[in-house]
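# here is a sequence together with a model predicted from it:
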Amino acid sequence: MDAEGCKSYDFWASTTSTTMRLAGLWILYRVALALYNISPFHPLSRFPGPKLAAMTFLYEFWYEGIRWGKYTWEIQRMHEKYGPVVRINPEELHCDDGDFIDEIYAGGGRIRDKHQHFLTTTAGALSYSSFGSRHHEIHRTRRNAANKSFSRTQMKKLEPEIHELCQQFVEKLLSWREPLNLTMAYGCFTADAITKYCFGETAGFVSQDGWKKNHRAAVEGFTQSMYILRYAPWTRQMVYVAPYIQDYLPEHMGNLFKELTVKMPRYVREATQGETQGRVFSHLIESDMPDSEKTIFRLSGEGFSFITAGMETTAAIIAFITYHLLTKSEVRERLEEDLMDVDPFHLDWQNLEGHLYLYGVIQEGLRMGYGISQRLPRIARTEDLIYKSEDGKYQYVIPKGTPIGESARIVHHNPKYFPDPFKFKPERWITEDGKRNLHLEKYILSFSTGSRRCLGINLAFCELNLMVAALTLRVFPKMRLYETTADDVRYDHDLMIPMPRKGSKGIRAVVLP
Ligand code: HEM
């Protein structure tokens, strides 16, 4: 070997050995961290759970990233084995006690942050939305500015638009003869409703011929990318170069990033140019948020969160209720009876809310359809939380700063609150003396609760009431399920929202002439 060759050999040998040393140090660090995580020095060492889950995030990754969205099943098994509070990863606890919901998800000025591990599923402008805000204080600033636009008063003002859209949708459904995926079809209605509500103009999904164009690609982009973003957080940076590399990204991720960086800023820009006075974005621009909170970039994140959060959740719950009403004639007949005095062409949200059985059907739809099925952790930054189980057997002090959450999928099936929990029983929501069983509502996590409760809850309830009533009175007598079984409805895994088994074509139906 000549001198030049020797030099090159030395260079590669020394680079390899430095790399190996660094890799060795990194492995040593990870091992030391894993041992610390299960040592008595760790603040969560007293909490029960599998040692491996406490040691490393790989345990959670196995269920979420490899087995794809199956961690809630494993968390449920942990509760059966270890009790109502368990440690599910090195940093986080999970609780299975409906009576502790109000402490975890407190409101009234008590500080609740979000967990960064949970928020890594957001990228780009979405990280700057209310939904993506980690700290309580910035969340309050953003949320207070948006609250006015989603108040009950504002909803009532805009109700005629949602009503008109609902009627238009029902007409289209009645004239359609092909089998169709109901979550997709209802998603056209909910996407139009939220875009009309926010921007003063629908996305045109109901009025188009057919159902082809809709926002599902964006929503699927968000849900299908979430575990990739969570376990490979560096992929979040790709959102900034997405327009240039879109063709090389996985399809779902490309769709998500395109929606965030191209379509949404355009919507927001148009909405803020004065044509949509009295709508969400003009309210946000007029609010007393600092100017840095009013940039097109940040408002695009809010807009994206409104559309993704408002579309699929509501559509999935309506589809879920449809399945139960089409398969349970006794429930449908009772609902028809309850709605006997209602004119299906002139529906009124407030009037519908007075119909007890309809209330029961919607609540039961939310209970068994979950909304968001997986855990939603919160952090009480400034206070320890004191947990005591009802029988006094378990007592814990949850140290301040610890992420802890509950899961709708678990709480909603607790037989202590909901006997016969897997049965669709609207009657459970009506007391013996014929009133709403309001006490049960405190065990429903579908919209979360406290300071981070769903912003769009009024819009969601308005849509649910109008649409379930309209479908029951006008469409269900002619609608039949199409190649749909209980397997297409049954919860299988989480992509934030509940998903049926892989390969399911969803809830499908056909409308007869
Ligand atoms: C049945 C329908 C719906 C369900 C089940 C639902 C469920 C939820 C849940 C569980 C959260 C809390 C998420 C978290 O903790 O990270 C949430 C937040 C949110 N929802 Fe909804 N939602 C529905 C409809 C809507 C609608 C129609 C909108 C329209 C704007 C909307 C907008 C939002 C927003 C913006 C947030 C974030 C709020 C914040 O963090 O301050 N949702 N929703």
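Happy to help now that I have it. Numbering: from 1, shown residues only.
# top helix in this structure by residue count?
Among the segments of the chain that qualify as a helix by DSSP state H, the longest is helix 3-37.
# what residues of it count as buried?
Of all the residues in helix 3-37, those buried under the rule 16 or more other CB atoms under 10 Å are 34, 37. The C-beta positions use only the backbone N, C-alpha and C, and glycine is treated the same way.
# right, and the helix or strand after it?
Toward the C-terminus, helix 3-37 is succeeded by helix 51-55 as the next helix or strand (DSSP states H and E).
# identify the residues contacting that next one?
Here helix 51-55 makes contact (CB atoms under 8 Å, 6 or more residues apart in numbering) with 34-35, 37-38, 42, 44-45, 47, 58-60, 78, 87-90.
# swap in 7 Å and give it another go.
34, 37, 38, 59, 60, 87, 88, 89, 90 (CB atoms under 7 Å, 6 or more residues apart in numbering).
# tell me who's in contact with the second one.
Read it as residue 37. 54, 55, 90.
# tally of neighbours for the first one?
Which is residue 54. By other CB atoms under 10 Å, the residues close to residue 54 number 23.
# over to the last one?
Residue 90: 20 surrounding residues under other CB under 10 Å.
# could you verify that it is part of a strand?
No - the assignment for residue 90 is coil, going by DSSP: H, G, I helix; E, B strand; the rest coil, so no strand is present there.
# report the separation between it and residue 356.
Here the criterion is CB to CB, to the nearest Å. By it, residue 90 lies 47 Å from residue 356.
# is any part of stretch 397-413 close to the ligand?
No - Stretch 397-413 does not reach the ligand (CB under 6 Å from any ligand atom); its nearest approach is 7.5 Å.
# could I have the CA atoms of that stretch written out in PDB?
Coordinates of each C-alpha in stretch 397-413 appear next as PDB, following Å, rounded to 0.1, in the frame of the first residue of the first chain:
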ATOM      1  CA  VAL A 397     -50.300  10.700  45.000                       C
ATOM      2  CA  ILE A 398     -49.800  11.400  41.300                       C
ATOM      3  CA  PRO A 399     -46.800  13.700  41.200                       C
ATOM      4  CA  LYS A 400     -47.300  17.100  39.500                       C
ATOM      5  CA  GLY A 401     -45.900  17.100  36.000                       C
ATOM      6  CA  THR A 402     -47.000  13.500  35.300                       C
ATOM      7  CA  PRO A 403     -49.000  12.800  32.200                       C
ATOM      8  CA  ILE A 404     -52.100  10.800  33.000                       C
ATOM      9  CA  GLY A 405     -55.100  10.000  30.900                       C
ATOM     10  CA  GLU A 406     -58.200   7.900  30.500                       C
ATOM     11  CA  SER A 407     -59.600   6.200  27.300                       C
ATOM     12  CA  ALA A 408     -63.200   6.300  26.100                       C
ATOM     13  CA  ARG A 409     -62.800   2.800  24.900                       C
ATOM     14  CA  ILE A 410     -62.200   1.600  28.400                       C
ATOM     15  CA  VAL A 411     -64.400   3.900  30.600                       C
ATOM     16  CA  HIS A 412     -67.400   3.600  28.200                       C
ATOM     17  CA  HIS A 413     -67.500  -0.100  28.800                       C
END
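# so which residues on the protein come close to the ligand?
Checking the chain against the ligand by CB under 6 Å from any ligand atom, the hits are 130-131, 143, 194, 305-306, 309-310, 313-314, 317, 371-372, 376, 446-448, 452, 454-456, 459-460.
# does the closest residue to residue 268 other than its chain neighbours belong to a helix, a strand or coil?
Ranked by CB to CB, 6 or more residues apart in numbering and with sequence neighbours excluded, the top spatial neighbour of residue 268 is residue 299, at 4.7 Å. Following three-state DSSP, the label given to residue 299 is helix.
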